[in-house]
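1. model this:
(chains A and B)
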Amino acid sequence: MELDRPLPIPTPTTQPFWDAIDNHQVSLQRCDDCEMFVFYPRSNCPHCLSNKLTWQDVSGDATIYSFTIARRPTAPHFVDEIPQLIAVIELPEGVRMNTLIVNAAPEDLKVGLAVTPHFKQIGDRTLLCYEPA
Amino acid sequence: MGLRGDAAIVGVAQYENERRFSGEKRFFTEQYAELTRLAIEDAGLRKGDIDGLCCSAIQETNMFAPATLAEYLGLHVNFAEIVDLGGATPVGMIWRAAAAIELGICQAVICAVPARPIPSNPNPAPIDHNRVFMSTSNNWGSPQAEFDVPYGNVAQNAGYALIANRYASLYGYDEKALAKIAVDQRTNALANPNAVFRNDPITIEDVISSKMIADPLHVLEIVMPCAGGAAVLLANKELAAKGRNRPVYVTGFGEHLTTKSTTYQPNMTESPVGPAARSAFAMSGKSPADIDVVEPYDCYTITVLLTLEDAGFCTKGDGIKFVSDHDLTYRGDFPCNTSGGQLGAGQAGLAGGMTQVVEGALQVMGRGDERQVKQCDTALVTGTGGIMSEQSAIILEGA
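-> Got it, this is the predicted structure:
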């Protein structure tokens, strides 16, 4: 069975994040009240529940917090992408996100590796992937 | 704070775990009813004694599950609870039932988890395979759909592998030590007639040469799904005294959670079972040294390692040494998952966690048969949902 590759469908709250990604820019929400950065995008700050959040462009540079190499697809939709280099990255702004590492071999991955955004076009959507810096 | 320890597990029931279900398929309502009948019979009590129920989601109805079950079983209940904590659901049910009994609103509560296949629908609704991602929601508006699924971080394997690699970078890693957890538990499964792997011993070499699924997790470090089901009946002291089993009192519990996706855990290698177990120990006045048998939730070997550390059996980072230095079998110096756990006995859906509660209770009742741990009066059982997301702990003590 041919399955569609899952892609994000923005919501009214997250649309600015994906619009920035389409422009090859990483943008995060920052809380006006407690000044913490927030990811994923939310209506309210998870630190203080303030509803005053402002978008702020950041470099997107990050380090690998952890990673795995999916030798078997985590879902049948990814069968063509195996081995998939799944990572959680940490930005200096203090947030973590899921990503896929590209332009790297499985043995290149290690915790702490510096990585930089790689904006990967899939269909009509751009995904925020990463590659070694 | 917390429980006095006046509510006891008085009866248990479980279906045999089967990789290929061989019996007649029944709906969850029907399985719930039969498991309840078996638990009442095991306890030596009567249907009319039951005035509370806990359940998980029922396949036949996506809402009103407790009322559906009460009606189907003909129960008159003062406490009706549905628990939605993934693999932590069974342990979550037990403490909620114990708390309801201690509040005096009911005298006996059934907690059952069906996990056998249901009959095939003659008019099945079409499944949209583009939208199904197991335990990861792909509904629009779900943060998982938008920020987990597109990056392949779907279901459990990747998440637990992320935890294991993070752990390795901080504390070191010895795949043989992790494999030993699966091997010792498999030894326990050989003494459990309900286990799917009751006839299949394994070695450390078997585990580390088994197929790599998501580095560093091998297939033999991951639970095998199976059909099954389990139930636990709890009652107050008065009813417990009338039953035919040694009452197993719930003397402490804890529960903690903060994220769905492990990506956002404050610290990926310090799991919520830490605060959950600390609460359970403080409430019961026990310490890890007092525990005779440990039944830690074990969807993966790394889950056991982190649970033993975070529950306080050893310090953070010493888990590899701890499991290497101790014999985790029922004959050993640290009996752990004495029925094989889910790694050895199979994971019957949400009932997998309930089989660990059942085993903790059976050990304290002295009904562990070939795998009975000598002088077993105190057990710790933990539950883990999602990717070490929601976790719960209970301490069981014999009367």
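2. okay, CA-based contacts and neighbour counts for the rest of this
-> OK.
3. Which residue would be the closest one in the stretch 151-300 of chain B to chain A?
-> residue B:214 (4.4 Å; Cα to the nearest Cα).
4. what separates that residue from residue B:145, distance-wise?
-> Using Cα to Cα, to the nearest Å, residue B:214 is found at 21 Å from residue B:145.
5. pLDDT below threshold where in chain A?
-> Chain A contains residues with pLDDT under 70 at A:1.
6. What segments of it are helices?
-> A:15-22 (DSSP state H).
7. Against residue B:194, how distant is the residue nearest the centre of chain B?
-> Nearest to the mean C-alpha position of chain B, by Cα atoms, centre = their mean, lies residue B:353 at 1.6 Å. Plainly put, residue B:353 is 14 Å away from residue B:194 if you go by Cα to Cα.
8. cool, and residue B:159?
-> 29 Å.
9. do the same with residue B:275
-> Counting by Cα to Cα - residue B:275 and residue B:194 are separated by 32 Å.
10. Then residue B:182?
-> 17 Å.
11. how many neighbours does residue 12 have?
-> Reading this off chain A. For residue A:12, the count of nearby residues is 8 (other Cα atoms under 10 Å in any protein chain shown).
12. Correction: the question concerned chain B.
-> 29.
13. now swap in residue B:22 and tell me
-> For residue B:22, the count of nearby residues is 8 (other Cα under 10 Å).
14. which stretch of helix or strand covers it?
-> Under DSSP states H and E, no helix or strand contains residue B:22.
15. what does chain A have sitting close to chain B?
-> Within chain A, the positions near chain B by Cα under 8 Å from any Cα of the partner chain are A:3-11, A:40, A:65-72, A:74-75, A:77-78, A:84, A:86-88, A:96-100, A:111.
16. Return the residues of chain B in contact with chain A.
-> Counting by Cα under 8 Å from any Cα, chain B sits next to chain A at B:129-130, B:133, B:140-141, B:143, B:145-155, B:157-158, B:161-163, B:165-166, B:169, B:212-216, B:263-264.
17. out of those, which are inside helices?
-> In this view, these that belong to helices under DSSP H are B:143, B:145, B:146, B:147, B:157, B:158, B:161, B:162, B:163, B:165, B:166, B:169.
18. Skip the chain neighbours and tell me the closest residue to the second one.
-> By that I understand residue B:145. residue B:138 (4.2 Å; Cα to Cα, 6 or more residues apart in numbering or on different chains).
19. where exactly do the helices run in chain B?
-> Counting by DSSP H, the helices of chain B are B:28-43, B:65-73, B:89-103, B:143-147, B:157-171, B:175-189, B:204-208, B:237-242, B:273-284, B:301-310, B:319-325, B:341-345, B:351-365.
20. looking at those, which is buried most?
-> helix B:341-345 (a mean of 31; mean count of other Cα atoms under 10 Å in any protein chain shown).
21. What is it packed up against?
-> helix B:175-189, helix B:351-365 (3 or more Cα pairs under 8 Å, 6 or more residues apart in numbering or on different chains; DSSP states H and E).
22. got CSV for those, with mean pLDDT too?
-> Formatted as CSV, those follow (pLDDT from 0 to 100):
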stretch, mean pLDDT
helix B:175-189, 98
helix B:351-365, 98
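23. Can you tell me which of the residues of chain A next to chain B end up in strands?
-> Of these, the ones assigned to strands by DSSP state E are A:65-70, A:84, A:86-88, A:96-100.
24. contacting residues for the residue nearest to the centre of chain B?
-> B:87, B:88, B:89, B:90, B:91, B:297, B:342, B:347, B:383 (Cα atoms under 8 Å, 6 or more residues apart in numbering or on different chains).
25. Let's see that with 6 Å instead.
-> Residue B:353 sits next to B:87, B:90 when contact means Cα atoms under 6 Å, 6 or more residues apart in numbering or on different chains.
26. hmm, back to that, of all the helices and strands packed on helix B:341-345, which lies closest to residue A:61?
-> Set against residue A:61 and scored by Cα to Cα, the helices and strands packed on helix B:341-345 come closest in helix B:175-189, at 32.0 Å.
27. now what about the closest one, what contacts it?
-> B:195, B:198, B:202-204, B:207, B:301, B:320, B:324, B:328-329, B:338-340, B:344-345.
28. so which of those comes closest to residue A:54?
-> Nearest to residue A:54 out of the contacts of helix B:175-189 is residue B:301 (Cα to Cα; 42.3 Å).
29. how far away is the spatially closest residue to residue A:11 that is not a sequence neighbour from residue A:38?
-> Closest residue to residue A:11 apart from its sequence neighbours, by Cα to Cα, 6+ apart: residue B:141 at 6.3 Å. Distance from residue B:141 to residue A:38, counting by Cα to Cα: 17 Å.
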